[in-house]
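Enquirer: give me a 3D structure for the following:
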Amino acid sequence: MVNPSMLRSLRSAVARGSSHLARRGYASDAVPERKVAVLGAAGGIGQPLSLLMKLNPLVTSLSLYDIAGTPGVAADVSHINTRSEVVGYQGEEELGKALEGSDVVIIPAGVPRKPGMTRDDLFNINAGIVKSLCTAIAKYCPNALVNMISNPVNSTVPIAAEVFKKAGTYNEKKLFGVTTLDVVRAKTFYAGKAKVPVAEVNVPVVGGHAGITILPLFSQATPKANLGDDDIKALTKRTQDGGTEVVEAKAGKGSATLSMAYAGALFADACLKGLNGVPDVVECSFVQSNVTELPFFASKVRLGKNGVEEVLGLGPLSDYENQGLESLKPELKSSIEKGINFANKS
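Expert: As a prediction, this is how the structure comes out:
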């Protein structure tokens with residue numbers, strides 16, 4: 001049975017998006033034409049992500065791609081009465097058509113870890129999928145903003161960079177690792193502990209997108225709350241282990257698909273706003289960076305018409321956060337190198 005309150009929330013989200021456009025001076029028929037492609041649209045993340053992108057009034061064309069099952073997802077989503085046109089594409093032979101003309105490409109494609117599968121097994125499968133998809137992106141929509149969701153993001157973003165370099169299409173301003181779920185979790189957990197309205201909370205999260213490489217900067221959280229050291233450590237650990245929390249709650253039968261879809265939609269929306277010239281769009285993302293000695297690092301990024309307009313610094317860190325920063329570097333460095341080495345294998 002459909003939850004009436006959920007429907008009201010979805011309609012409200014669309015209405016807010018439409019009123020935002022009106023305030024920006026866009027008539028409903030004068031929004032810039034924007035095509036968004038979702039690669040892996042029939043999967044656990046891809047389906048709710050496709051729904052959320054269909055609700056986004058900034059999207060005029062929604063292209064859904066997967067190796068199987070996409071026509072059904074596309075037909076289902078296409079019945080929703082919002083402005084974007086939806087087309088589903090299935091199989092490798094249709095990947096080019098799915099990508100052509102895309103402004104933003106979101107990649108949640110990949111397989112979940114299954115019983116008996118090692119982490120290396122999982123890495124090799126998903127890394128191969130990412131490598132193949134990025135080869136097609138380089139050919140069919142080399143100027144698109146690429147939003148990488150496929151895990152492990154700490155390695156798949158470097159893989160994508162190497163593929164684009166080989167194709168001669170690499171633009172560091174247009175490749176993003178989506179770490180927004182870490183920010184979403186940090187905001188939610190902080191609001192609960194600090195007893196402040198979650199809608200007013202902001203918490204930057206830096207580093208990478210796995211385990212100890214995730215470093216929420218609660219010392220910079222707003223609104224300020226007088227939390228003790230033990231609270232900060234517990235919040236940090238919970239943010240780092242958020243994915244495990246969901247897997248355990250689902251008794252090993254699923255992972256964080258719904259919250260990840262929401263986070264992916266949030267970041268894609270920020271990219272679209274940047275492309276459309278909305279000022280002061282800032283989100284955390286795993287990008288090519290000079291913030292540390294590592295070639296890729298997640299931090300606050302200002303988005304604009306060219307993708308990354310500015311990679312922002314870390315700002316003042318607490319002693320605990322400085323320790324966390326130094327602790328995460330070796331693991332993040334190893335993950336980055338693993339991705340680069342995979343991409344450069346013949």
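Enquirer: flag the shaky bits of the stretch 1-150 of the chain, pLDDT-wise.
Expert: Along the stretch 1-150 of the chain, the model assigns pLDDT under 70 to residues 1-30, 113-115.
Enquirer: just so I have it, where are all the strands in it?
Expert: Secondary structure of the stretch 1-150 of the chain (DSSP state E, counting those that start in this stretch): strands at 35-39, 61-66, 85-90, 104-107, 145-148.
Enquirer: tell me the most buried of these?
Expert: Of the strands of the stretch 1-150 of the chain, the one with the most neighbours on average (mean count of other Cβ atoms under 10 Å) is strand 35-39, at a mean of 29. Using the backbone N, CA and C atoms, a C-beta is placed for each residue, glycine as well.
Enquirer: what angle do that strand and strand 85-90 make?
Expert: 30 degrees (axes from the mean of the first three to the mean of the last three Cα atoms, to 10 degrees).
Enquirer: picking that back up, Lys97 is nearest to which of the strands of the stretch 1-150 of the chain?
Expert: strand 85-90 (5.9 Å; Cβ to Cβ).
Enquirer: ok, residues contacting that closest one?
Expert: Among residues not part of strand 85-90, those counted as contacts by Cβ atoms under 8 Å, 6 or more residues apart in numbering are 41, 54, 60-75, 77-78, 95, 97-98.
Enquirer: what about it, distance to the chain center?
Expert: 21 Å (Cα atoms, centre = their mean, to the nearest Å).
Enquirer: direction included, what does it pair against?
Expert: strand 61-66 (parallel) (DSSP bridges).
Enquirer: list the ones among the contacts of strand 85-90 that fall in helices.
Expert: Mapping the contacts of strand 85-90 onto helices (DSSP state H) picks out 54, 70-75, 77-78, 95, 97-98.
Enquirer: what ranges does the stretch 151-300 of the chain have for its helices?
Expert: Assigned by DSSP state H, counting those that start in this stretch, the stretch 151-300 of the chain shows helices spanning 153-167, 180-194, 229-240, 242-249, 258-275.
Enquirer: right, and these - which one's nearest Arg34?
Expert: Short answer: helix 258-275, nearest of those by Cβ to Cβ, at 5.8 Å.
Enquirer: what helices and strands are in contact with the closest one?
Expert: helix 46-54, strand 104-107, strand 145-148, helix 180-194, strand 281-288, strand 296-304, strand 307-311 (3 or more Cβ pairs under 8 Å, 6 or more residues apart in numbering; DSSP states H and E).
Enquirer: now stretch 221-239 - C-alpha only, PDB.
Expert: Below are the C-alpha coordinates for stretch 221-239, written out as PDB (Å, rounded to 0.1, in the frame of the first residue of the first chain):
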ATOM      1  CA  ALA A 221      29.800  21.300  12.500                       C
ATOM      2  CA  THR A 222      27.100  23.900  12.700                       C
ATOM      3  CA  PRO A 223      25.100  24.700  14.700                       C
ATOM      4  CA  LYS A 224      27.800  24.300  17.500                       C
ATOM      5  CA  ALA A 225      27.000  21.800  20.300                       C
ATOM      6  CA  ASN A 226      29.000  21.200  23.400                       C
ATOM      7  CA  LEU A 227      29.700  17.500  22.900                       C
ATOM      8  CA  GLY A 228      32.400  15.700  24.800                       C
ATOM      9  CA  ASP A 229      35.400  13.900  23.400                       C
ATOM     10  CA  ASP A 230      33.700  10.500  23.900                       C
ATOM     11  CA  ASP A 231      30.700  11.700  22.000                       C
ATOM     12  CA  ILE A 232      32.800  12.900  19.100                       C
ATOM     13  CA  LYS A 233      34.700   9.600  18.900                       C
ATOM     14  CA  ALA A 234      31.500   7.600  19.000                       C
ATOM     15  CA  LEU A 235      29.900   9.800  16.200                       C
ATOM     16  CA  THR A 236      33.000   9.400  14.100                       C
ATOM     17  CA  LYS A 237      33.000   5.700  14.500                       C
ATOM     18  CA  ARG A 238      29.300   5.400  13.700                       C
ATOM     19  CA  THR A 239      29.800   7.600  10.600                       C
END
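Enquirer: tell me the mean pLDDT for that stretch?
Expert: What stretch 221-239 shows for mean pLDDT is 97.
Enquirer: swap in stretch 270-288?
Expert: 97.
Enquirer: measure that stretch end to end?
Expert: 18 Å (Cα to Cα, to the nearest Å).
Enquirer: what does stretch 273-281 give?
Expert: Stretch 273-281 has an end-to-end distance of 7 Å (Cα to Cα).
Enquirer: and for stretch 158-177?
Expert: Start-to-end span of stretch 158-177 (Cα to Cα) is 9 Å.
Enquirer: and if you look at stretch 245-255?
Expert: Length of stretch 245-255, first residue to last, Cα to Cα: 9 Å.
Enquirer: domain parsing for this structure?
Expert: Domains of the chain are assigned by automatic domain parsing as 4-177, 180-343.
Enquirer: out of the ones in helices among the contacts of strand 85-90, which are buried?
Expert: For these, a neighbour count by 16 or more other Cβ atoms under 10 Å gives the buried set as 54, 70, 73-74, 77-78, 95, 98.
Enquirer: fine by me, thanks again.
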